[in-house]
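> Got a sequence here, can you model it:
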Amino acid sequence: MELPYTGRAIIDEDFGGIEITIPAKKNVFMILFLAIWLCAWFAGEFFVGAQAFGLRGNGPQYFLIIWLCGWTVGGFFALRTFWWMLMGKEVISLGQGVLTVDKRGALFYKLKSYDLHEAKNFRAQEDYLSSGPFGNTQANIFNLDKKGTIKFDYGMQTIKFGYGLDEAEGNFILEKLRSKKLIS
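As a prediction, this is how the structure comes out:
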């Protein structure tokens with residue numbers, strides 16, 4: 001018999017509010033692939049960089065410098081995805097009229113806080129993304145702010161968090177928050 005899924009979210013309650021920690025979804029194949037790819041990327045960065053800037057006896061090679069810029073940007077996104085899958089987690093705190101979303105482990109992400117009095121229409125709805133050759137494309141974190149199962153309206157904007165949660169787990173979290181009278 002199949003055991004029921006108990007979810008990824010860790011909910012800590014105290015007298016002042018609730019803190020929800022959602023570890024990043026791990027894709028072992030992608031983690032291993034990116035680890036190997038990043039080693040090759042670093043070697044390419046080092047050797048092509050030395051060649052491009054003339055450290056091997058030649059003068060600067062402008063095509064290689066331009067290529068190296070693109071290679072560096074691609075490596076940054078691969079590193080960001082690798083680091084998120086390995087160490088990332090969302091920490092959502094609710095208390096004293098404020099909802100705070102902190103995506104720890106996401107490189108170059110700024111903590112965001114929202115006034116709960118202005119937050120309306122909390123709902124859980126999965127982001128339906130197609131699967132690619134490397135598994136679910138939710139591993140792609142180019143735009144971490146635009147993804148999440150739990151959504152709410154904040155002015156004329158939709159805020160999302162709960163990255164990679166199943167809809168049932170998102171609904172469970174929302175019911176927990178409603179029972180504590182933190183959201184309506």
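
> tell me the contacts of the closest residue to Met87 other than its chain neighbours?
Spatially, and ignoring its direct neighbours in sequence, Met87 is nearest to Gly105 (4.2 Å; Cβ to Cβ, 6 or more residues apart in numbering). In short, each C-beta sits where N, CA and C put it, glycine included. Gly105 makes contact with 24, 83-84, 86-89, according to Cβ atoms under 8 Å, 6 or more residues apart in numbering.

> how about the residues you listed, which pair is most distant?
Greatest spatial distance among the contacts of Gly105 (Cβ to Cβ): Trp83 and Lys89, at 11.6 Å.

> Can you list the buried residues in the host helix or strand of Phe29?
Using DSSP states H and E, Phe29 sits in helix 28-52. Judged by neighbour count using 16 or more other Cβ atoms under 10 Å, the buried positions of helix 28-52 are 30, 34, 37-38, 41, 48, 51-52.

> and it, what does it pack onto?
In terms of contacts (3 or more Cβ pairs under 8 Å, 6 or more residues apart in numbering; DSSP states H and E), helix 28-52 is packed against helix 62-87.

> pLDDT averaged over the helix holding Phe29 - what is it?
Helix 28-52 shows a mean pLDDT of 91.

> orientation of it relative to helix 62-87 in degrees?
Per axes from the mean of the first three to the mean of the last three Cα atoms, to 10 degrees, the angle that helix 28-52 makes with helix 62-87 is 150 degrees.

> Show me how far helix 28-52 is from its chain's centre.
With Cα atoms, centre = their mean, to the nearest Å as the basis, helix 28-52 stands 22 Å off its chain's centre.

> Go ahead and confirm Leu177 touches Ile183.
Yes. The criterion here is Cβ atoms under 8 Å, and Leu177 meets it with Ile183 at 4.7 Å.

> what are the phi and psi values for the residue lying closest to Tyr109 once chain neighbours are set aside?
Spatial nearest neighbour of Tyr109, excluding adjacent residues (Cβ to Cβ, 6+ apart): Lys103 at 4.6 Å. Note on Lys103: backbone dihedrals following degrees, to the nearest 10 are phi -100, psi 80.

> Surely Lys103 and Glu90 touch.
Yes. Under the criterion of Cβ under 8 Å, Lys103 makes contact with Glu90 at 5.4 Å.

> Name the residues contacting each of those two.
Taking Cβ under 8 Å, 6+ apart as the contact rule, Lys103 and Glu90 both touch Tyr163.

> When Leu177 and Ile183 are compared, which one has more neighbours?
Leu177 (22 against 15; other Cβ atoms under 10 Å).
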